[in-house]
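Student: Sequence below, structure please.
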Amino acid sequence: MRLTFVSLILLLTVHAHPCSAFARPDVEFRVFQFPRTMIPCIDGDPSDWTAVPDSFRIGLDQLEETVNHTTPDRKNLDVRVTFGWVKGLDRLYVLYEAYDDCWEFGMPGLDGDIFELVVDGDCSGGPLIPELRTDLKMDDRSGYLFRGVHAQNYHIFTPAEDKAWCMVWGCQPWIAELPWANAACSYSFHPGESGHLVLEFWITPFDYAPFEGAGRATVSRLEENGIIGLSFTVLDHDGPPDRHRFGFWSLSHTTTMYGNASELVKFRLMPLENRFRKPVEADWTFRVVDMDRRLVAFIDRSHGPNTSWRWEFGDGTVSTERNPVHIYERPGSYVVVLTVGGPAGSARMAKVWDVTVK
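Tutor: Predicted structure coming up:
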């Protein structure tokens, strides 16, 4: 029974996100894990991101112009995009740094420069807008109630002036507001001028985001080494609408990635780098398997080359198993201590009254 329960937990963790098809299937990008003490502040200042290695940053060389098939010209446009996450927070942090020789913004509609991001947290794939669904007739409006439900599209205005920071291309604009998203931008140019822009934001991916609000929504669970579907496009408008130049620079190297989650790119949620960790760290969690029997399963989450585990359950009993299952004889709230050890040293983690059985 002990092995069955632990094996089930591990199985659910590893196989929770079955992946659909991807664009550029041989390419995998990475999402940097920030330590909990270094979460980026959303203020338009990129200094919080200096800990991220350059190898995580995605530049213009990874993008393809899929509408006009023009070649990159960094005198006209240059961009750098970095993705981050924090273990325990189901959020994607994004830093967008860009130079443009002609920033177009300030109009109330969609005309202007846009950073377009699409995310599919559980890699379910498939169309996310009714225009790309083959099972709907042109006059079938029911598809609009499901637009962006399983994967989300954010049209982010760069910069946003006198309007919301982004347009959610879906039936649920609430996902672009706190507590589900936040954004800040810094720049010093005027419409039609050149210059540099810094945009910081975070969003919450959803496996299910219905039109009526967050009550029945399902947030995507972000796990270490997990794969998510993700892509972005830089829409570069240069000049007024009657004589503008237009660029559509896509990470997926496809145009319809804006509405098809099967045309996104693989991104891996990276573990925390060793430079942010101690050689040995004790950590653990638990699950109450059966409250009537006071049966509790303990799961080791420690870091390090550990070879020994000692659990003190708070009722006078101990275990040296890595993932023990324990039955408490009496109801109560217990102080449980795990001590781990190995060639790199030892560490201890106590939790006070987390484990409570009736």
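
Student: which stretches of the chain aren't confidently modelled?
Tutor: Applying pLDDT under 70 to the chain flags residues 1-20, 135-144, 239-245.

Student: okay, which residue is most central for it?
Tutor: Note on the chain: the residue nearest the mean C-alpha position is residue 92, at 3.2 Å, using Cα atoms, centre = their mean.

Student: For the residue nearest to that residue when sequence neighbours are not counted, name its beta-bridge partners.
Tutor: What sits nearest to residue 92 in space, not counting adjacent residues and going by Cβ to Cβ, 6 or more residues apart in numbering, is residue 203, at 5.5 Å. Bear in mind the C-beta positions are built from the backbone N, C-alpha and C, glycine included. Residue 203 has the following beta-bridge partners by DSSP bridges: residue 92, residue 181.

Student: and what of the one 5 residues further on?
Tutor: Note on residue 208: beta-bridge partners by DSSP bridges are residue 218.

Student: For burial, what's the neighbour tally of it?
Tutor: Look at residue 208: counted by other Cβ atoms under 10 Å, it has 14 neighbours.

Student: now do residue 354
Tutor: 13.

Student: what sits against the residue nearest to residue 92?
Tutor: Neighbouring residues of residue 203 by Cβ atoms under 8 Å, 6 or more residues apart in numbering: 91-92, 94, 117, 119, 152, 154, 175-176, 180-181.

Student: hey, where'd the helices end up in the protein?
Tutor: Here the chain has its helices, by DSSP state H, at 2-14.

Student: Let me see the domain layout of it.
Tutor: 17-269, 278-357 (automatic domain parsing).

Student: got the end-to-end distance for the last one?
Tutor: Distance between the boundary residues of domain 278-357 (Cα to Cα, to the nearest Å) amounts to 33 Å.

Student: ok, back up a step: roughly how far apart are the residue nearest to the centre of the chain and residue 57?
Tutor: As judged by Cβ to Cβ, to the nearest Å, residue 92 and residue 57 stand 15 Å apart.

Student: and what of residue 222?
Tutor: As defined by Cβ to Cβ, residue 222 lies at a distance of 20 Å from residue 57.

Student: what about those two, which has more around it?
Tutor: Neighbours per residue (other Cβ under 10 Å) separate residue 222 from residue 57, with residue 222 holding more: 22 against 16.

Student: How about that one, nearest residue that isn't a chain neighbour?
Tutor: residue 90 (5.0 Å).

Student: For the one you found, grab the count of nearby residues.
Tutor: Neighbour number of residue 90 under other Cβ under 10 Å is 15.

Student: cool, the one 4 residues further on as well?
Tutor: By the measure other Cβ under 10 Å, the count of residues near residue 94 is 24.

Student: contacting residues around it?
Tutor: By Cβ under 8 Å, 6+ apart, the residues touching residue 94 are 81-84, 117, 199-203.

Student: Let's see that with 6 Å instead.
Tutor: Shown in contact with residue 94 (Cβ atoms under 6 Å, 6 or more residues apart in numbering): 83, 201.

Student: Distance check, it against residue 261.
Tutor: Relative to residue 261, and taking Cβ to Cβ, residue 94 is found at 18 Å.

Student: try residue 89
Tutor: 22 Å.

Student: who has more neighbours, the two?
Tutor: A direct count of neighbours by other Cβ under 10 Å for residue 89 and residue 261 places residue 261 higher, at 28 against 14.

Student: How many residues are close by the residue lying closest to residue 64 once chain neighbours are set aside?
Tutor: Nearest non-adjacent residue to residue 64, counting by Cβ to Cβ, 6+ apart: residue 253, 4.2 Å away. Neighbour count for residue 253, taken as other Cβ under 10 Å: 18.

Student: Tell me the spacing between residue 253 and residue 67.
Tutor: Applying Cβ to Cβ, the value for residue 253 to residue 67 is 12 Å.

Student: And for residue 128?
Tutor: Look at residue 128 and residue 67: by Cβ to Cβ, they are 20 Å apart.

Student: same question, residue 247
Tutor: In this view, residue 247 and residue 67 are 8 Å apart by Cβ to Cβ.

Student: what about these two, which has more around it?
Tutor: residue 247 (22 against 13).

Student: State the number of residues packed around the closest residue to the more buried one other than its chain neighbours.
Tutor: The shortest distance from residue 247 to any non-neighbouring residue, by Cβ to Cβ, 6+ apart, is to residue 236 (3.7 Å). A count of nearby residues for residue 236, using other Cβ under 10 Å, gives 25.

Student: Kindly list the main-chain dihedrals of the residue nearest to residue 64?
Tutor: phi 60, psi 20 (degrees, to the nearest 10).

Student: same deal with residue 35?
Tutor: Dihedral angles (degrees, to the nearest 10) for residue 35: phi -60, psi 160.
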